[in-house]
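# The amino acid sequence is not available; the structure is as follows:
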């Protein structure tokens, strides 16, 4: 199988870590498949390390930052390459991706803000943030008719996304994306009362 992966917009630390982990494990678990991955130009310093770890069955293309570059990459370069490279499927990991995808398309949505209307966020976001997610919402709506399946982080995201975008729940899977696997040889810290707890570290803004 020839699998195309669009990781080209994963520029944040956490999302980049998730993207690299997914790419690495997919490539290592399926050496008999061919992979073509679009990755951010900022990853170039790690390109040789990735290539050496993953093998010759993985090719890389680099993407530039910016909304215009994203639109050009997805709607011209990726669309053209899917045909030329004879891709069997596309896995996009960046919340939104190209509309009218010509091959089966799996979309991973990280941003919980897309599952909720701004009035449900519980805080007043700066105008730039609200505008950004408004644009992302519109772009996502154009792509969803050709998206074969969606993965999200939580059950609540699944329910809200299905309701907000009128998606069948059967098309949405819940797969939490840990930034990194914990070391099995480390004993979790204990709290005084013995109750389990969760430590969650996130970026300072949406």
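Cool, the structure landed. Keep in mind it's a predicted model, so treat the numbers as computed, not measured. Numbering: from 1, shown residues only.

# and the helix or strand encompassing residue 61, what does it pack onto?
Taking DSSP states H and E as the definition, one finds residue 61 inside strand 58-63. Secondary-structure packing of strand 58-63 (3 or more Cβ pairs under 8 Å, 6 or more residues apart in numbering; DSSP states H and E): strand 34-40, helix 47-54. Bear in mind the C-beta positions are built from the backbone N, C-alpha and C, glycine included.

# Would you mark the buried spots in the helix-or-strand element of the chain with minimal mean pLDDT?
Within the chain, no helix or strand scores below helix 47-54, which has a mean of 77 by mean pLDDT, DSSP states H and E. Within helix 47-54, the residues scored as buried using 16 or more other Cβ atoms under 10 Å are 50, 54.

# doesn't residue 107 make contact with residue 151?
Yes: Residue 151 is within contact range of residue 107, at 7.4 Å (criterion: Cβ atoms under 8 Å).

# who has more neighbours, these two?
Ranked by neighbour count (other Cβ atoms under 10 Å), residue 151 and residue 107 place residue 107 first, with 26 against 19.

# just checking, the more buried one is part of a helix?
No: checked against DSSP: H, G, I helix; E, B strand; the rest coil, residue 107 lies outside a helix; its state is strand.

# so what's it up against?
Residues in contact with residue 107 (Cβ atoms under 8 Å, 6 or more residues apart in numbering) are 92, 95, 96, 97, 143, 147, 149, 150, 151.

# Tell me how far it lies from residue 97.
Separation of residue 107 from residue 97 (Cβ to Cβ, to the nearest Å): 6 Å.

# Overlap of the contact sets of the two?
In contact with both residue 107 and residue 97: 143, 147, using Cβ under 8 Å, 6+ apart.

# Tell me which residues of the strand holding residue 61 come out buried.
Quick answer for strand 58-63 (16+ other Cβ under 10 Å): 58, 60, 61, 63.

# How about stretch 150-165?
Buried, per 16+ other Cβ under 10 Å, within stretch 150-165: 150, 151, 152, 153, 157, 158, 160, 161, 162, 164.

# Confirm for me that the fifth one is in contact with residue 113.
Read it as residue 157. No: between residue 157 and residue 113 there is no contact under Cβ under 8 Å: 10.1 Å.

# ok so, going back, residues in contact with the strand holding residue 61?
When contacts are defined by Cβ under 8 Å, 6+ apart, strand 58-63 is touched by residues 8-9, 23, 27, 34-41, 43-44, 47, 50-51, 69-70, 73, 77, 81.

# Let me see the ranges of the helices in this structure.
13-29, 47-54, 67-72, 79-84, 127-143, 155-165 (DSSP state H).

# which helices and strands sit right next to the last one?
Going back to what we said before, that points to helix 155-165. Judged by 3+ Cβ pairs under 8 Å, 6+ apart, the packing partners of helix 155-165 are strand 149-152, strand 172-174.

# Stretch 70-82: end-to-end distance?
Using Cα to Cα, to the nearest Å, one end of stretch 70-82 lies 16 Å from the other.

# Now do that stretch: distance to the chain's middle.
16 Å (Cα atoms, centre = their mean, to the nearest Å).
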